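> Have a look at this prediction, sequence included:
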Amino acid sequence: MKRSFWILVGITLVLCIWMAGCTQPSQEQTTPASTTMPVTTAATSVPMSPTQGPPPTAGYIEGPLPSQYSVDVQVVRNTVATSPTITVTFRGGKGINFVHSMDVVVSRSDGRIVTGSLPKPQVNDQLDLEGTRGTDRVEVFINLITGDRYRVYDQALPFRSYN
């Protein structure tokens, strides 16, 4: 009788563990190696008259992003070489899964507007846009899967500054 009692207790424990799902092996969360891959996107350029100013970028909310959607972007201006490239890097954050796309608008000092976009950006995805040797305005927009659009960066970046 004692033996059948312990068998019944053992079977009950096994069933409880099985129903709880504790028999699955733990899955380690792996992080892929960080690689820098060139992202090819079509940059577009819109000419405008000097008195016209940049086109309105309506339909956005001024940043910062709400904390549950927070992500980080890095904007670097190449001031060393003769190529005035502006590089925007998506650095990720705790809201990375809510980001639908990242848009960049460069209002160049020669009056042209250059835009680029990264759909569903991942950590260290980069977007290179051609600037001028003057002062260019860079705006970065984050589009969330909720449909909201936030402007998270807006700076006028000179090609060189001698301080």
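Happy to help now that I have it. Just so it is clear, the model here is predicted, and its values are computed rather than measured.

> Just the strands from the protein, written as ranges.
Under the criterion DSSP state E, the chain contains strands at 44-46, 61-62, 72-77, 85-92, 99-107, 113-119, 125-130, 135-144, 149-158.

> Which residues does the shortest one contact?
Surrounding strand 61-62, the residues in contact under the criterion CB atoms under 8 Å, 6 or more residues apart in numbering are Asp148, Arg149, Tyr150, Arg151. To be clear about C-beta, it is placed using only N, CA and C from the backbone, and glycine gets the same treatment.

> Identify the farthest-apart pair in the residues you listed.
Across these, the longest distance by CB to CB is 11.1 Å; it joins Asp148 and Arg151.

> returning to that earlier point: which one (most neighbours) among the contacts of strand 61-62?
Tyr150 (19 neighbours; other CB atoms under 10 Å).

> separation between Leu65 and Arg91?
Going from Leu65 to Arg91 by CB to CB, to the nearest Å gives 13 Å.

> Next, show the common contact partners of those two.
With CB under 8 Å, 6+ apart, Leu65 and Arg91 have common neighbours Val71.

> Looking at the two, which is more packed in?
Leu65 (19 against 13).

> Please name the residues that touch that one.
Val71, Gly95, Ile142, Tyr150, Val152.

> Where neighbours are concerned, which of these has the most?
Most surrounded of the contacts of Leu65: other CB under 10 Å gives Ile142, at 28 neighbours.

> Could I get the pLDDT score of that residue?
Looking at Ile142, its pLDDT is 94.

> which residues of this structure score low on pLDDT?
Scanning the chain for pLDDT under 70 picks out 1, 13, 15-58, 81, 161-163.

> 80 instead?
Low-confidence segments of the chain (pLDDT under 80): 1-6, 8-10, 12-59, 63, 79-82, 160-163.

> so Thr85 bridges to which residues?
Glu130 (DSSP bridges).

> Pull the number of nearby residues for it.
Using other CB under 10 Å, Thr85 has 13 other residues around it.

> Give the full set of residues in contact with it.
Arg77, Asn78, Asp128, Leu129, Glu130, Gly131.

> just checking, Leu129 touches Val105?
No. Using CB atoms under 8 Å, Leu129 makes no contact with Val105, being 9.1 Å away.

> which residues do the two both contact?
Val114, Thr115.

> ok, of the contacts of Thr85, which come out buried?
Buried members of the contacts of Thr85, counted by 16 or more other CB atoms under 10 Å: Arg77, Asp128, Leu129, Gly131.

> Just the closest of the contacts of Leu65 to Arg160, please.
Val152 (25.5 Å).
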